[in-house]
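Okay, here's the prediction I keep looking at, along with the sequence it came from:
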Amino acid sequence: MSATSSDTKVTAAAGTAAAIRYDAISIARVICILGVVYVHAWTGLDGNALQLARGTPQENLRWVLMEAFGRSAVPLLGLVSGWLVAGSARTRDWRRHVARKARTILVPMVLWNALALALVCGTAWLFRLPAPTPHSLGWVIEEIFILTRNPDVDVQMPFLRDLFLCMVAAPLLVRMPNRMLGVVIALAAACQILGAGPPVLMRPATLMFFTLGIAAHRGGVAERTATWPLPLAAVPFAVLMPVQLWLALSADAPRAGAWVSGLDLLVRIAASLCFWRVSWALARSSARGALLKIEPFVFLLFCSHLILIWLGGPLLGQVFGKLGAPGYPAYLLVQPLLVLACVIALGSLLQRAAPGLAGVLSGGRLKPRAERRGQHGKRLPALDPHRA
């Protein structure tokens, strides 16, 4: 075999691996954000009623779904963001990098928070929806900009706030030596365990996983773990998750404390490994095409799903019933798919009627339909510059 032929095969193999890696990243976004919907699934019960329902089969099912597919999947989004930034040359120009991230993260966050207030609080006023309503100008400002506390309406948005701050610091983080990165990871983990993040970071774990993503890129961890057998990658998650569920479901289990927070971080790390390996497997499966078609809509799904649940949950609840009703488990299981269907319809409509608005609200992920048709059938590059 000639050297030229050998080099060509090596290059082709590298290109294939890069394409699969990019697909796996896209698929990870899909399964993670679909899982987040379970964390905010409609129950029809207030806080006191949910406490009384603790330990019932339906409430246990809800917690299993939240822990296994929701809270445990979110850290992988931070890891992916850090991994992409570590491989991007765009961080060298700090001003342009921050301006780009403001357009794709901060502006959509603010707009969706404002929409949430208008739609959810407006419905609460007009139709007595059981939802928070403005009681001061300061409350409205906090809800929209998330300055010092988590919002009451759009409760998932602190992730975008913290992610934007991580992006602001990214040009510094990607230039740090490995030892300093380790210090940042350790400090962020300590702050998360001790609850010392706010008002700078609502969840210091976001910085921890973002920085872990940078370190993973340097060490080639994504590629190495993708070669592991799927059962092996799932073992840490399978071992730790039952303990996490016991803490969540048992009436006598402790709810707070440093060791509880430390276990939570370990579970999230194990979940990230498991979900990444699952994403890689899906990228090489027959489900790849369908999942990649969904991916452009998942940022819109992340931003809008809680509004749709606030407004649509009670309507469908009239059919299926609240938590505790015989039909509720089926409703709970399909809520992510119902919300996804609404988001795809909404996103497609916006692409046709107001492509500029669709681009802004999706952080640039939803491109004009003509542009998307021009890209049909082509694999995107291993590192999408818009996402990095």
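Nice, thanks for sending it over. Residues are numbered from 1 along each chain as shown.

any idea of the pLDDT on the nearest residue to Phe69 once chain neighbours are set aside?
Distances taken as C-beta to C-beta, 6 or more residues apart in numbering put Gly35 closest to Phe69, at 3.5 Å, once the chain neighbours are dropped. Any C-beta I mention is one placed from the backbone N, CA and C, and that applies to glycine too. The model reports Gly35 with a pLDDT of 94.

wait, doesn't Gly35 sit right on Glu67?
No - using C-beta atoms under 8 Å, Gly35 is not in contact with Glu67, being 10.0 Å away.

State the three-state secondary structure for Gln322.
Rather than Gln, residue 322 is Lys. coil (DSSP: H, G, I helix; E, B strand; the rest coil).

Give me the phi and psi for it.
Backbone torsions of Lys322, given as degrees, to the nearest 10, read phi -80, psi 170.

which residues sit in contact with it?
Neighbouring residues of Lys322 by C-beta atoms under 8 Å, 6 or more residues apart in numbering: Thr43, Gly44, Leu45, Tyr328.

which other helices and strands contact the particular helix or strand that has Val360 in it?
For Val360, the element it lies in under DSSP states H and E is helix 355-361. Helix 355-361 sits against helix 107-116, helix 328-353, with contacts defined as 3 or more C-beta pairs under 8 Å, 6 or more residues apart in numbering; DSSP states H and E.

can you put the ones you listed in TSV and add distance to Arg175, mean neighbour count and mean pLDDT?
TSV is the format used below for the helices and strands packed on helix 355-361 (distance: least, C-beta to C-beta, whole Å; neighbours: other C-beta atoms under 10 Å; pLDDT from 0 to 100):
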stretch	distance to Arg175	mean neighbour count	mean pLDDT
helix 107-116	26	20	98
helix 328-353	37	17	97
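
Go through the ones you listed and name the closest to Trp139.
helix 107-116 (12.2 Å; C-beta to C-beta).

give the contact list for His305.
Val36, Val37, His40, Gln156, Val339, Val343.

Any idea how many residues pack against the nearest residue to the third one once chain neighbours are set aside?
This points to His40. Excluding its sequence neighbours, the residue lying closest to His40 (C-beta to C-beta, 6+ apart) is Leu306, at 5.2 Å. For Leu306, the count of nearby residues is 24 (other C-beta atoms under 10 Å).

Quick one: residues contacting Leu306.
Each residue near Leu306 by C-beta under 8 Å, 6+ apart is listed here: His40, Ala116, Val153, Asp154, Val155, Gln156.

What's the PyMOL line that selects buried ones from those residues?
Per 16 or more other C-beta atoms under 10 Å, the buried members of these correspond to this PyMOL selection:
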select buried, resi 40+116+153+154+156
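
Return the subset of the contacts of Leu306 lying in helices.
Among those, the members found in helices (DSSP state H) are Ala116.

SS state for the residue nearest to His40?
Once three-state DSSP is applied, Leu306 turns out helix.

next one: Ala196
Under three-state DSSP, Ala196 comes out as coil.

you'd agree it is up against Pro204?
Yes - applying C-beta under 8 Å as the test, Ala196 and Pro204 come out as touching, 7.3 Å apart.

Tell me where the stretch 101-250 of the chain has helices.
Assigned by DSSP state H, counting those that start in this stretch, the helices in the stretch 101-250 of the chain fall at 107-116, 122-127, 137-145, 158-173, 178-194, 204-219, 221-226, 230-249.

quick one: contacts of the first one?
Residues from elsewhere that reach helix 107-116, judged by C-beta under 8 Å, 6+ apart: 143-146, 151, 153-154, 157, 160-161, 164, 299, 303-304, 306-307, 310, 360-363.

now it: how far from the chain's centre is it?
Counting by C-alpha atoms, centre = their mean, to the nearest Å, helix 107-116 is centred 17 Å from the centre of its parent chain.

low-scoring stretches of the stretch 251-388 of the chain, by residue?
For the stretch 251-388 of the chain, the stretches with pLDDT under 70 are 368-388.

same thing but at 50, please
Applying pLDDT under 50 to the stretch 251-388 of the chain picks out residues 373-388.

which phi and psi does the residue nearest to Val260 when sequence neighbours are not counted have?
Using C-beta to C-beta, 6+ apart and skipping the chain neighbours, the partner closest in space to Val260 is Pro254 (5.8 Å). Phi and psi for Pro254, reported as degrees, to the nearest 10, are phi -70, psi 150.
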